[in-house]
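> Got a predicted model here, sequence first, then my questions.
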Amino acid sequence: MTERRFMTTEWRAVLAVTYPADESLLEPYLPPGCQIDRLEGSPRVSIVAFQFRHTRVAGVPVPGHVNFPEINLRFYVRISGERAVVFIREFISRPAIALTAKIFYNEPYRTIRMRDWLIAPTIWNDSRLGVRHRFGPGLRNRLEAWADPVAEPPASDSAAYWLTHHEFGVGRGHDGRVSRYRVVHDVWALHAVRDLRVEVDFAALYGTQWGYLADAEPSHVTLAAGSPVQIYSPSHA
C-alpha cells in the first residue's frame, strides 16, 4: 500500500529528558505486536518538548496552527524489528489539532496552556543557547535547558542517537488494532546541555504512577537542533 503524506513541518529545539522506567508501568500503554525496547539494559521514558514550525496538513497551512509547541511523554518500542515510539500523553496548545488527532487517529492529545521560548546566544547569556517551556494551569510547570550553541551529530551507536532517531510512531486505533505511522527526518545534530531545570508535576499531568519522575535523576538529556519532518498517515494491522 502506498503511503500518503499527512503532514509536513519542522521540529525545532527538541529537548528530551529521559529516565529509567519499570516495564510494568509501560505495559498498559503497549500496542499489540510491540515489544518494549531497552537502552543500556533498561526501558526508558522521556518527556520531550519542542517547537512545530511551518506546519502544513495535506499541503495546506491552517491559520493559527502553523507554529506552536508540543510536550509529550513517550517510551520506546520495536515493531516488526523497527524502532518506534509510543506516546503516553501529548500536550498541545491548539485545540483543533488535538481534536483532529484524537478523532481520526486516537492519539492521546490534550489541550493545555503553553508558552515557549528559544533564546539565542548573546554576550549577555554567556554565549549559550536556551530553551524554556512553561505549561499547565498557571504555567507552573517548567522545562528549561541551556546548551552549547554549536550542535554536532551523534554517533550511530550512541545513546543519544537511540533516543533521537526512530522510524515510526505507534499507537492503538479506535478499534484496538495497532496503528503505525512513518516519521521521516534527518539525523539531528545535538547541542551539549550544560544546565537543566525540570519542575513538572508528573502525577497531575500524566497520572499518579508517574509521580516518581518529579524526584528522579535523569539518565540522559538531549537537545536536538531539529529539522524538516514528514509524517505519513497511519496504517492499521
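That came in fine, so what should we check first?

> The closest residue to Arg56 other than its chain neighbours sits in which helix or strand?
In space, and not counting its chain neighbours, Arg56 is closest to Thr8: 5.0 Å by CB to CB, 6 or more residues apart in numbering. Every C-beta, even on glycine, is put in place using the N, C-alpha and C of the backbone. Using DSSP states H and E, Thr8 sits in strand 5-20.

> Check which helices and strands that strand sits against.
Strand 5-20 sits against strand 44-57, strand 129-135, strand 141-152, helix 159-164, strand 220-232, with contacts defined as 3 or more CB pairs under 8 Å, 6 or more residues apart in numbering; DSSP states H and E.

> What residues sit buried inside it?
For strand 5-20, the neighbour count (16 or more other CB atoms under 10 Å) marks 6-20 as buried.

> quick one: which of those is nearest to Ile119?
Taking CB to CB as the measure, Ile119 lies nearest Ala13 of the buried residues of strand 5-20, at 9.8 Å.

> Show the contacting residues for Phe202.
When contacts are counted by CB atoms under 8 Å, 6 or more residues apart in numbering, Phe202 touches 47, 73, 210-214.

> Just among those residues, which is most surrounded?
Counting neighbours by other CB atoms under 10 Å, Ile47 comes out on top of the contacts of Phe202 with 26 neighbours.

> Quickly list what that one is bridged to.
Beta-bridge partners recorded for Ile47 (DSSP bridges): Val17, Leu73.

> So what touches the longest helix along the chain?
Longest among the helix segments of the chain by residue count, using DSSP state H, is helix 95-105. If you take CB under 8 Å, 6+ apart as the criterion, helix 95-105 is touched by 62, 64-65, 68, 90, 92, 107-111, 171, 173, 179, 181, 234.
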